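1. sharing a model prediction with you, sequence too.
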Amino acid sequence: MINKEGWLTNAEKHISPNFDQRPKNSEIKLIVIHNISLPPENFEPDNVKKFFKNELDFESHEFFQEIRGLKVSSHFLIDRSGKIYQFVSVYDRAWHAGISSFNDQENCNDFSLGIELIGSDNTPFEDNQYVSLEGLIEILCNSFPGIRKENIVGHSEIAAGRKTDPGPFFDWSKIR
């Protein structure tokens, strides 16, 4: 269930400073699915949580120099065990999609919800992640009638040529 402030009641709450207000009269009608691992192929969620909260120690790994200075967030993160974390209220605009377009409408962050899965383009996702993702999608679709099944997409679909996630190992049949 989503409470009146826009927080999933069964998610672990971590507040990201990387958000702002959606444009007036914007309708939430899109879910964007991503994958993330920091550093790449490390499937522990701690660095991702720190990254979304601007608390990542950029000196702790060579790869982190590539993402230094980025301000990123997502509404939700699902770890390999299926645990759900939330960083931004669903009523606010998280910074997950970047330069993007869906059905000829630019700036997908304005009208979407971002869900990150701990994983990569090189590894299958866990069954627990699909179970949690399916339940979360059901809650979000019930809360926002503008989200139709065809409006659940991968980052690669809204940022073609720029992004590849959730990647070739994401099994769309498990959520559609």
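-> That came through fine. Residues are numbered from 1 along each chain as shown.
2. what's the end-to-end length of stretch 7-16?
-> End-to-end distance of stretch 7-16 (CA to CA, to the nearest Å): 13 Å.
3. what sits up against it?
-> Contact with stretch 7-16 is made by 1-3, 49, 52-54, 73, 76, 83-90, 94, 136, 139, as judged by CB atoms under 8 Å, 6 or more residues apart in numbering. C-beta here means a position set from N, CA and C on the backbone, and glycine is covered the same way.
4. now do the buried residues in it.
-> 7-8, 11, 14, 16 (16 or more other CB atoms under 10 Å).
5. cool, stretch 53-69 as well?
-> Quick answer for stretch 53-69 (16+ other CB under 10 Å): 56, 64.
6. find the centremost residue of the chain, please.
-> residue 115 (2.5 Å; CA atoms, centre = their mean).
7. let's see the helix or strand harbouring that one as PDB, backbone CA atoms only.
-> Per DSSP states H and E, residue 115 falls inside strand 112-118. Only the C-alpha atoms of strand 112-118 are listed here, as PDB (Å, rounded to 0.1, in the frame of the first residue of the first chain):
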ATOM      1  CA  SER A 112       7.200   8.000 -14.500                       C
ATOM      2  CA  LEU A 113       8.200   5.900 -11.500                       C
ATOM      3  CA  GLY A 114      11.600   4.300 -11.500                       C
ATOM      4  CA  ILE A 115      12.300   0.800 -10.200                       C
ATOM      5  CA  GLU A 116      16.000  -0.300 -10.000                       C
ATOM      6  CA  LEU A 117      16.800  -4.000  -9.700                       C
ATOM      7  CA  ILE A 118      20.200  -5.000  -8.300                       C
END
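8. how far off centre is it?
-> 2 Å (CA atoms, centre = their mean, to the nearest Å).
9. now the element after it, going C-ward?
-> helix 127-143.
10. going by contacts, tell me the helices and strands next to that following helix.
-> strand 30-36, strand 76-78, strand 112-118 (3 or more CB pairs under 8 Å, 6 or more residues apart in numbering; DSSP states H and E).
11. distance check, the most far-flung residue of the chain relative to its centre against residue 73.
-> What lies farthest from the middle of the chain is residue 59; by CA atoms, centre = their mean that is 24.9 Å. According to CB to CB, to the nearest Å, residue 59 stands 22 Å off from residue 73.
12. swap in residue 50?
-> Distance from residue 50 to residue 73, by CB to CB: 12 Å.
13. looking at those two, which one has more neighbours?
-> Neighbours were counted for residue 50 and for residue 73 using other CB atoms under 10 Å; residue 73 has more, 25 against 16.
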